[in-house]
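In: Would you be able to build a 3D model of this:
(3 chains)
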Amino acid sequence: MIRTEEMLLNVGPQHPSTHGVFRLLVKIDGEKITEAEPVIGYLHRGTEKLAEDLTYTQIIPYTDRMDYLSAMTNNYTIVHAAETLMEVEIPERAEFLRVIVMELNRIASHLVWFGTYLLDLGAVSPFLYAFREREEILDLFNELCGARITYNYMRVGGVKWDAPEGWIDKVKALADKMKEKTEEYDRLVSGNEIFINRTRGIGGYSADDALAYGLSGVNLRAAGVKWDLRKDRPYSIYNRFQFDVPVGETGDLEDKYRCRMEEIRQSIRILDQAVEHFPEAGPVMAKVGRVIRVPAGEAYTQIESPRGELGCYLVSRGKDKPYRLKFRRPSFNNLQILPKLLKGENVANLVAILGGIDIVLGEVDA
Amino acid sequence: MMGLLKGMGVTLKTMSKKKVTYQYPDEPVGMPDRFRGVQHFDPEKCIVCNQCVRVCPTDCITLTGRKHPDPGKRGKIIDTYDINFEICILCDLCTEVCPTEAVVMTNHFELAAYSRDDLFKNMEWLHENNTEIRSENNVNAKR
Amino acid sequence: MSAMTFLGPVVLLLLVLGFVTIAILFERKVLGWMQGRVGPVQVGPWGLLQTVADVLKLLLKEDIIPGKADRILFKIAPVIAFVPAFAVLAVIPYTDRIVFADIGVGLLYFIAISSITTIGILVGGWSSNNKYALLGAMRSAAQMISYEIPLVMSVVGVIMAAGSLNLTEIVKAQESLWFILPQLIGFVVFFVASLAELNRTPFDLPEAESELVAGYHVEYTGFRFAFFMLAEYVYVFAMAGLTTVLYLGGWNPLFGWTFLPPIVWFAAKFLLIVFILFWIRATLPRIRLDQLMQLGWKVLLPLALVNIFLSALFKEVSGIGNFF
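Out: Take a look at the predicted model:
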């Protein structure tokens, strides 16, 4: 009589495909997963608690380090929350700059996802191609605000720097270039039979499940729920732009891939419009005091980060520091569905499904 | 099968294209003017207002000052000014608040060292770090 | 027994080691170029000494045997993996004169010996006492069983056409037409199956880096690891050689360009195959284990059988029968 038993496999915290310090305890029966338990917290820095001791300006560099692949949206969420309570009018030029950098950052973030996801699936080149284009976006950021990852660009009331000479033209050139590059990615990956075989019909879930688990962003849209905060709860000046919200049907990995690639194209569309209507001149900072005091009150602001609904719940007691600050981090919420998705799956699908969620550990652990 | 071949075509085409990587340590990489690198500090300009210390999110700046030795003059002069680059995140807030542009950013970013002690930079070091200084620093003060 | 009997293999071994050194560099260069990079450039002119430096590093590294490993099997596994890889080179005819063992069942010998390597991988994965290594080893065994059969079946067409298992005879039978044309189905099946045999992308499941970290050799360090790597690249050498011999007419020249010596023709075709292997690695994602099995059993094996049937059928048709 052969006795078989389940094997406990410890994936991470040091594993090439966990995208950071993320640990996953998987019970496997042969190559089939019977149970999966995510273990998080290796990168926890207590940003929310630290923020209670920091002024609003000082919090901004901390938000850079939450979702380090799209620091611009993180910057925006905190300044947006403070501005909502302060009811300040943001100058037109600053709003345009914010939209441009956030959309550029969305493209950069999706490019990283595209590259690392294909790397998870075993293809090496798309990773390098995606980073080649991302590099140009980072160079633009470097020129604009002097940093490539941790921008610390937005301020309560506007943005720190105005666009330097010729920067807007470079954004335009980049948008045109990205149109070609997305087609190259399509040729390289989208029709690849092995890729389709590895993604189609895998890791799918229903729209009800997605809503029940509180998923947002592409993870929600891939399941067929048309919900994009840029359209449904417009913030900044997004209501002025024309763009489509791509949705999938089954929530499987292929739908997620197609949604993200389409979002890159839609972001390029927004960039085109923003560059075209970019105000000639004007201030980039509203009139706010040197010391920012936010009136007492509570505000919850939600924005569409590349990963989903990035919320910021701010409680102010009228001081120059927040009384309590809470970030609703989309990666953390999206991760919750992982054990359900992994159950009964093949081990080879583990990294594909985990990668499909698109988590950033800095954000999960905050 | 066609999808695979198309992909193969893309990689083959890239093979003959121009390479995009930098030969970094051999050839220096130029940074744009606004780049936030290691700070330069000018003791002459400093008025010991302590704003940079207060604004620093990571508390990496420490400074001491004393009364101006010339009894006729008001204000203070700087004694020591240290930045601990173990924890400095080069967030640019210190240069943003400095009213006299005594602390400004440079384009230097090569900080790697074998010892943590080497990352503790004092006033002399920061003063000597005086090349490639950023042209605009305190945009808000000029406004 | 001439001096060549002893000296020949030594020369070949050195040659193969030289090839492996160059091949690894070439692979990294090709990967680099295809990814918009320049590849290794630091060690030596044009990065030529990169692999030498890497091998030296591996030799100097501490030899670690995990505490809970099966020591004897752990030590013996790289040997089991490497020896067959080198042994199969004996039967490959590089030209009509340079062949080390011109045995009658050369092709059979090649395929039989090469499958021993999988035992080395299995032993290595099991004795490491590591879960990732075990999974990688199991995958390797499953993969070998699925692909050995289509591989053998696909070459039956060639054997029928040449009427011999001797590799020299097979090359001589291709003087008028290379087997790649009449045996196109067989070639495709053989090429895919050989990719799987080599554990190369898109069939690199046993060492799938993103899933199993490094698969069966995750616990190996230093020169034992080097032996596994060496076995892998010697197989690249052997398989590219075998493909050249079976389907690309070995040392036979193209367009009757006999002014180039046969060895150059062999090398040119051989390098083309090696390049294609690297090119595939630069492009394709990894296939999943169950899909790999399906591909092996449901697609490649029937195709190989159809190929045998068609070859036998066309052989009887007058006119084109000569080519089959």
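In: so where's the longest helix in chain A?
Out: helix A:92-120 (DSSP state H).
In: That one close to chain C?
Out: Yes - on the criterion CB under 8 Å from any CB of the partner chain, helix A:92-120 is in touch with chain C at A:Leu118, A:Leu119, A:Asp120. C-betas here are computed from N, CA, C, even on glycine.
In: Packing partners of that helix?
Out: helix A:71-86, helix A:125-145, strand A:158-159, helix A:167-185, helix A:253-276, helix A:347-357 (3 or more CB pairs under 8 Å, 6 or more residues apart in numbering or on different chains; DSSP states H and E).
In: buried ones in it?
Out: A:93-120 (16 or more other CB atoms under 10 Å in any protein chain shown).
In: Relative to the whole chain's centre, how far out is stretch A:304-321?
Out: Centroid separation between stretch A:304-321 and its chain, computed with CA atoms, centre = their mean, to the nearest Å, is 15 Å.
In: if you average pLDDT over it, what comes out?
Out: Mean pLDDT, stretch A:304-321: 89.
In: With stretch C:178-191 instead?
Out: The model assigns stretch C:178-191 a mean pLDDT of 82.
In: what's the closest of the helices and strands packed on helix A:92-120 to A:Tyr323?
Out: helix A:71-86 (11.4 Å; CB to CB).
In: What helices and strands are in contact with that closest one?
Out: For helix A:71-86, the packing partners by 3+ CB pairs under 8 Å, 6+ apart come out as helix A:56-64, helix A:92-120, strand A:154-155, strand A:297-305, strand A:308-316.
In: close to chain A, is the strand or helix carrying C:Pro150?
Out: Here C:Pro150 sits within helix C:131-162, counting by DSSP states H and E. Yes - applying CB under 8 Å from any CB, one finds helix C:131-162 in contact with chain A at C:Lys131, C:Tyr132, C:Leu135.
In: For residue 213, list the residues it contacts.
Out: Here I'm looking at chain A. By CB atoms under 8 Å, 6 or more residues apart in numbering or on different chains, the contact list for A:Tyr213 reads A:Asn333, A:Gln336, A:Ile337, A:Lys340.
In: my question was about chain C
Out: Contacts of C:Val213 by CB under 8 Å, 6+ apart are A:His15, A:Pro16, C:Tyr132.
In: Up against chain B, what does the stretch 201-350 of chain A have?
Out: Within the stretch 201-350 of chain A, the residues that sit near chain B (CB under 8 Å from any CB) are A:Met285.
In: Could you tell me which residues of the stretch 201-350 of chain A lie near chain C?
Out: A:Asn346, A:Val347, A:Ala348, A:Asn349, A:Leu350.
In: residues touching the last one, list them.
Out: Contacts for A:Leu350 were tallied using CB under 8 Å, 6+ apart; they are A:Val11, A:Leu24, A:Val26, A:Ile33, A:Ala36, A:Leu342, C:Glu211.
In: Mind checking which of those land in helices?
Out: Under the assignment DSSP H, the contacts of A:Leu350 contribute A:Leu342, C:Glu211 to helices.
In: And the furthest pair within the contacts of A:Leu350?
Out: Maximum pairwise distance among the contacts of A:Leu350 (CB to CB): 14.2 Å, between A:Ala36 and C:Glu211.
In: Neighbour count: those two, which is higher?
Out: More neighbours surround C:Glu211 than the other of A:Ala36 and C:Glu211, with 28 against 22 (other CB atoms under 10 Å in any protein chain shown).
In: Could you measure from the more buried one over to chain B?
Out: Between C:Glu211 and chain B the distance is 21 Å, computed by CB to the nearest CB, to the nearest Å.
In: Need the nearest residue in space to that residue, chain neighbours excluded.
Out: Nearest non-adjacent residue to C:Glu211, counting by CB to CB, 6 or more residues apart in numbering or on different chains: A:Val351, 5.4 Å away.
In: Can you tell me the element the residue in chain B that chain A sits nearest to falls in?
Out: At 3.3 Å from chain A, B:Gly3 is the closest residue in chain B, using CB to the nearest CB. For B:Gly3, the element it lies in under DSSP H and E is helix B:2-16.
In: chain center to that helix, what's the gap?
Out: Centre-to-centre, helix B:2-16 and its host chain are 43 Å apart (CA atoms, centre = their mean).
In: Can you give the distance from the following helix or strand past it to the centre of its chain?
Out: The element immediately downstream of helix B:2-16 (helix or strand, assigned by DSSP H and E) is strand B:39-41. Mean-position distance between strand B:39-41 and its chain equals 7 Å (CA atoms, centre = their mean).
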